[in-house]
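> Everything below, folded, please.
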Amino acid sequence: MTTRNEELMQLRNKHVPQGLVNLTPSFIKEARGAIMIDADGRELIDFAGGIGVNNVGHCHPKVVAAIKNQAEKFIHTCFHVNPYESYITLAAKLNDLAPGAFDKMTMLGNSGAEADENAVKIARYATKRPAVISFENAFHGRTLLTMSLTSKVKPYKLGYGPFAPETYRMPFAYCYRCPFGLKYPECKASCADYLEEFFITNVAAEQTAAVIVEPIQGEGGFITPPQEYFTKLHAICKKHGILLIVDEVQSGMGRTGKIFAIDHWGIEPDIITSAKSLAGGMPLSAIIGRSEIMNQSHIGGLGGTYSGNPLACSAALAVLEILLEDGLLKRGVELGEKLLARFLAMQEKYEMIGEVRGKGPMLALELVRDRETKEPAGDEAKKLTKLCYEKGLVLLSCGNHGNVIRVLMPLVIADAELERGLAILEESLQQLRA
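As a prediction, the model looks like this:
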């Protein structure tokens with residue numbers, strides 16, 4: 001007998017292009033907290049969070065109430081035509097929360113890619129320079145510009161060129177697989193110093209508007225730089241009048257136990273982009289930056305019809321309340337400590353786990369076939385996520401070789417759900433080793 005999930009998949013394959021990947025065959029009909037129920041009534045523990053969107057959990061009551069309340073008043077006017085208070089209130093809150101003892105301004109968008117693209121537009125306008133530098137392993141989106149800034153070719157860029165000009169890419173602080181063959185801490189994070197050499201061999205500093213960087217690379221494998229890395233990078237940018245754009249699309253809104261992950265490094269970026277968990281599942285993004293930079297663009301040069309939709313703004317205000325006033329940031333810190341202890345214990349037990357890395361609850365396991373050679377275990381990671389799914393856990397892989405297991409569970413996950421999910425992960429690791 002054909003299941004409802006199978007019926008829906010047949011319809012999906014008939015009516016939706018294959019280019020839109022589906023990582024599991026489960027069609028969700030209901031979700032609460034960290035639990036999803038599929039079309040066949042199967043319960044799934046969510047360690048993927050809609051790829052980092054559900055930090056406050058599925059259908060958080062405060063988010064649902066905020067959306068309902070706004071929907072009963074009005075759904076859309078276009079901020080450019082008839083503005084509304086929630087946009088202003090949210091912008092003010094984000095300006096206050098973003099690091100930096102200086103005046104800030106915020107514009108809202110719909111997606112992470114849109115936020116990054118607008119950040120680059122603003123940086124180019126303010127500096128009157130064309131070039132933008134991103135990093136190996138980076139992911140910034142699927143628009144022409146953000147796809148150009150993204151590192152991984154397959155599946156994100158293959159066949160979609162030519163790409164946007166004046167985009168350059170340099171090595172990142174991937175200590176486990178150092179592109180310079182060095183060892184930390186003896187190297188003193190010299191990969192950041194390499195930016196000066198990059199200005200000689202790739203693009204002149206005088207032509208560079210911005211450096212765009214993720215504090216923790218998401219799709220690239222949760223690669224986490226050492227403590228002094230961003231201090232050095234920021235100093236070089238300031239020296240040359242280059243703006244530092246920090247992409248917090250995946251790492252922000254409590255994902256690391258802080259509103260913004262860059263706070264772990266203690267620097268003050270010129271521009272920060274946010275999206276994903278910002279609005280609890282509603283499409284919303286933000287570009288937050290120094291007022292003197294943000295306010296340079298001429299009137300009408302920025303925006304979009306749906307940007308800063310009132311339903312999404314109301315949801316985001318509820319999300320910030322949950323994170324800041326309901327103790328969810330503290331819960332995130334506790335969750336991160338618990339996860340790190342468990343993952344380090346697993347690393348001791350399973351040779352396949354080459355490295356555990358990340359900040360707070362934004363953690364990953366890099367799987368290798370041999371700890372000495374560090375040969376990526378991409379096929380094994382794929383098998384592991386499949387085994388976990390079969391046992392009721394939705395888990396994602398990432399990284400250039402698909403060999404990194406990342407966890408993005410909602411921060412509201414119940415202890416019993418967390419324990420069951422971790423037990424499934426370990427059972428599957430054991431099964432894979434056998």
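
> Just the element for Pro25, please.
Under DSSP states H and E, no helix or strand contains Pro25.

> Enumerate every residue touching Tyr350.
For Tyr350, the contacting residues are 429-430, 433, by C-beta atoms under 8 Å, 6 or more residues apart in numbering. C-betas here are computed from N, CA, C, even on glycine.

> Could you report the neighbour count for Leu384?
Leu384 has 23 neighbouring residues, counting by other C-beta atoms under 10 Å.

> Please name the residues that touch it.
For Leu384, the contact set (C-beta under 8 Å, 6+ apart) comprises 367, 395, 397, 405, 425, 428-429, 432.

> care to break the protein down by domain?
Following automatic domain parsing, the chain resolves into domains at 4-59+328-433, 74-325.

> Which among those is found nearest to Ala65?
Nearest of those to Ala65, taken as C-beta to C-beta: domain 74-325 at 7.3 Å.

> How far away from the center of its chain is the closest one?
Between the centre of domain 74-325 and the centre of its host chain there is 10 Å, according to C-alpha atoms, centre = their mean, to the nearest Å.

> any idea of the mean pLDDT in that domain?
Average pLDDT, domain 74-325: 98.

> quick one on the thing from earlier: show me which of the contacts of Tyr350 are buried.
Neighbour-count burial (16 or more other C-beta atoms under 10 Å) applied to these gives Leu429.

> Any chance of CSV for the contacts of Tyr350, columns pLDDT, distance to Asp247 and secondary structure?
Shown next, in CSV, are these (pLDDT from 0 to 100; distance: C-beta to C-beta, whole Å; DSSP: H, G, I helix; E, B strand; the rest coil):
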residue, pLDDT, distance to Asp247, secondary structure
Leu429, 97, 31, helix
Gln430, 96, 36, helix
Arg433, 83, 36, helix
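
> about what we covered before: could you point out which of the domains of the chain sits nearest Ala66?
Among the domains of the chain, domain 74-325 comes nearest to Ala66, with 4.0 Å by C-beta to C-beta.

> can you give me the helices for the stretch 1-150 of the chain?
Taking DSSP state H, counting those that start in this stretch as the criterion, the stretch 1-150 of the chain carries its helices at 4-15, 49-52, 61-71, 85-97, 112-127, 144-149.

> can I get the CA coordinates of the shortest one in CSV?
The one in question is helix 49-52. These are the backbone C-alpha positions of helix 49-52, laid out as CSV (Å, rounded to 0.1, in the frame of the first residue of the first chain):
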residue,chain,number,x,y,z
GLY,A,49,15.7,23.2,12.7
GLY,A,50,14.6,23.9,9.1
ILE,A,51,18.4,24.5,8.6
GLY,A,52,18.8,26.8,11.5
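
> For it, list every residue counted as buried.
Buried positions in helix 49-52, judged by neighbour count with 16+ other C-beta under 10 Å: 49-50, 52.

> cool, and the last one?
Going by neighbour count (16+ other C-beta under 10 Å), the buried part of helix 144-149 is 145-149.

> and the closest residue to Leu145 other than its chain neighbours, backbone torsions?
Of all residues beyond its chain neighbours, the one nearest Leu145 is Ala164 (4.7 Å), with distances taken as C-beta to C-beta, 6 or more residues apart in numbering. Backbone torsions for Ala164, taken as degrees, to the nearest 10, come to phi -60, psi 140.

> who's in contact with Ala164?
Contacts of Ala164 were listed using C-beta under 8 Å, 6+ apart, and they are 144-145, 148.

> what do you get for Asp263?
With contacts defined as C-beta under 8 Å, 6+ apart, Asp263 is in contact with Pro99.

> Check the secondary structure at it for me.
Under DSSP: H, G, I helix; E, B strand; the rest coil, the three-state class of Asp263 is helix.

> what helix or strand does the residue positioned nearest the centre of the chain sit in?
Nearest to the geometric centre of the chain sits Gln250, at 1.6 Å (C-alpha atoms, centre = their mean). For Gln250, there is no host helix or strand (DSSP H and E).

> quick one, what contacts it?
Gln250 neighbours (C-beta under 8 Å, 6+ apart): 51-52, 112, 214, 216, 218-219, 276.

> and if you look at Ile236?
The contact partners of Ile236, by C-beta under 8 Å, 6+ apart, come to 192-193, 195-196, 242.

> Most neighbours of all these, which one?
With neighbours taken as other C-beta under 10 Å, the top of the contacts of Ile236 is Ile242, carrying 27 neighbours.

> Quick check: closest non-adjacent residue to that one.
Thr208 is the one closest to Ile242 (C-beta to C-beta, 6+ apart), at 5.1 Å.

> ditto for Gln70
Distances taken as C-beta to C-beta, 6+ apart place Ser314 nearest to Gln70, at 4.1 Å, with adjacent residues excluded.

> Could you check whichever strand or helix holds that neighbour and say which residues are buried?
Taking DSSP H and E as the definition, one finds Ser314 inside helix 310-325. Going by neighbour count (16+ other C-beta under 10 Å), the buried part of helix 310-325 is 310-323.

> go on, stretch 191-210?
By neighbour count on 16+ other C-beta under 10 Å, the buried set for stretch 191-210 is 191-192, 194-195, 198-199, 203, 205, 208-210.

> mind exporting that stretch as CSV, just the C-alpha atoms?
What follows is stretch 191-210, C-alpha atoms only, in CSV (Å, rounded to 0.1, in the frame of the first residue of the first chain):
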residue,chain,number,x,y,z
CYS,A,191,45.8,33.1,8.0
ALA,A,192,44.2,36.5,9.0
ASP,A,193,47.5,38.3,8.2
TYR,A,194,47.4,36.7,4.8
LEU,A,195,44.8,39.3,3.8
GLU,A,196,47.7,41.8,3.4
GLU,A,197,49.3,39.4,0.9
PHE,A,198,46.0,38.9,-0.8
PHE,A,199,45.9,42.6,-1.6
ILE,A,200,49.1,42.1,-3.6
THR,A,201,48.2,39.0,-5.5
ASN,A,202,44.4,39.2,-6.0
VAL,A,203,42.9,42.6,-5.5
ALA,A,204,44.2,45.9,-4.3
ALA,A,205,43.0,47.2,-0.9
GLU,A,206,42.1,50.5,-2.5
GLN,A,207,39.6,48.7,-4.7
THR,A,208,38.1,46.6,-1.9
ALA,A,209,34.7,47.8,-0.5
ALA,A,210,34.2,45.0,2.0
